[in-house]
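Enquirer: Build me a model:
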Amino acid sequence: MWNYEYTVPENKKVRVIVHTDCKNEADDQYAVAHHLMTPRFDVKGLVAGHFWKNPQQYGELGTAQASYDEIIKVMDLMGLKDQYPVKLGAPRGLEDEKTPIDSEGARLIIEEAMKDDKRPLYIACQGAVTDVASALLMKPEIADRMTVIWIGGGDYPKGGFEFNLMMDIHAVNVIFSSKVPVWQIPMSLYKVMAVSLAELQLKVRPCGEIGKYLFEQMVAFNHVAAKYEMVWPHGEIWGLGDQGTVAVLMEELEKVSYDLVPAPRIAEDMTYIHGQNNREIRVYNYLDARLTLEDFFAKLQLNFGKQL
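Expert: Next up is the predicted model:
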């Protein structure tokens, strides 16, 4: 399937479920492609997540479907039609911390976690964590059978506004108060995955139909977002922050670092309430952005670029 002149030893592979709000903006598509091109990852499926508090043109309850359609489009452009299960997640966030939303996405997580497979399972979450929280509420015993990697949350120790957290505070509190291992990549860290549009034109745009689409949809969204008169985006720079889940799984111990922090509770204003007597979670404070981004560019070129 891939044009690599190397293989990954079977005992070094890990199971991954990619959970993505793929149509929320323009970087999620890059992360989906990167996960699928990485031979260390045995991708067991993808879950289409909502972004219901930022519905754009899709309607409040139509955002998960928009993510689903975008995942399918990315896979088709990569020549991967029907190669991986794609499941629809919940259309909105949880109403409280006790009531799950049953969805295909939550059930995929449960199904994979309960399999008799010694390889570790990671849920790579690049948005709201509603479906992971629902899976835990529906089947609590999966907590010790998987690890949740979450791109989201404000910076420690205070916290504060952060987009992915805003989508479902209840779900984050469910996960933080559970026993499931959590690796959190907070806002200031995922923003180190910065790229310029010129860099993407040079390194991504020439790489087949998928490269053309990844570049052009980001350029288009850059103009759409600018209409809202926000500080972000900056005009010529973008962030591939969702690649953080790839970063921590590619170089778990040697090229990343983290602190172990008792999981806080999230207040309504998205600040952290410490002293909850919860188990410790990993809070990352360093990722190797160069390694991660160059790995993506190399894999895209090897598989979809013109070979010399």
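Enquirer: got a list of contacts for stretch 287-297?
Expert: Around stretch 287-297, the neighbours that count as contacts under C-beta atoms under 8 Å, 6 or more residues apart in numbering are 30, 33-34, 37-38, 185, 189-190, 192-195, 203-204, 240, 243-244, 246-248, 250-251, 255-256. In this view, the C-beta of every residue, glycine as well, is placed from N, C-alpha and C.
Enquirer: PyMOL command to pick out the buried ones of those?
Expert: Remark: buried members of the contacts of stretch 287-297, expressed as a PyMOL selection using 16 or more other C-beta atoms under 10 Å:
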select buried, resi 30+33+34+37+38+185+189+190+192+193+195+203+204+240+243+244+246+247+248+250+256
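Enquirer: Now, the contacts of stretch 287-297 that are in strands?
Expert: Mapping the contacts of stretch 287-297 onto strands (DSSP state E) picks out Ile185, Ala194, Val195.
Enquirer: could I get these as a markdown table with pLDDT and distance to Glu112?
Expert: Formatted as a markdown table, these follow (pLDDT from 0 to 100; distance: C-beta to C-beta, whole Å):
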| residue | pLDDT | distance to Glu112 |
| --- | --- | --- |
| Ile185 | 98 | 22 |
| Ala194 | 94 | 33 |
| Val195 | 96 | 32 |
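Enquirer: Let me have those residues in a markdown table, extended by distance to Ala106.
Expert: Below are the ones in strands among the contacts of stretch 287-297 laid out as a markdown table (distance: C-beta to C-beta, whole Å):
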| residue | distance to Ala106 |
| --- | --- |
| Ile185 | 22 |
| Ala194 | 33 |
| Val195 | 33 |
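Enquirer: All the helices of the stretch 151-300 of the chain, residue numbers only.
Expert: Along the stretch 151-300 of the chain, counting by DSSP state H, counting those that start in this stretch, helices occupy 163-167, 169-176, 187-190, 197-203, 208-226, 244-250, 289-304.
Enquirer: so who does Ala106 touch?
Expert: Contacts of Ala106 (C-beta under 8 Å, 6+ apart): Gly89, Ala90, Pro100, Asp131, Val132, Ser134, Ala135, Met138.
Enquirer: ditto for Leu136
Expert: Ile142, Ala143, Val174, Ile175, Ser178, Val180.
Enquirer: Can you add neighbour count, pLDDT and distance to Ala298 and give those residues back as TSV?
Expert: Listed next are those as TSV, based on neighbours: other C-beta atoms under 10 Å; pLDDT from 0 to 100; distance: C-beta to C-beta, whole Å:
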residue	neighbour count	pLDDT	distance to Ala298
Ile142	21	98	35
Ala143	16	98	36
Val174	24	98	38
Ile175	24	98	33
Ser178	21	98	37
Val180	25	98	33
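Enquirer: Out of those, give me the two with the largest separation.
Expert: Comparing all pairs in those by C-beta to C-beta, the longest separation belongs to Ile142 and Val174, at 12.7 Å.
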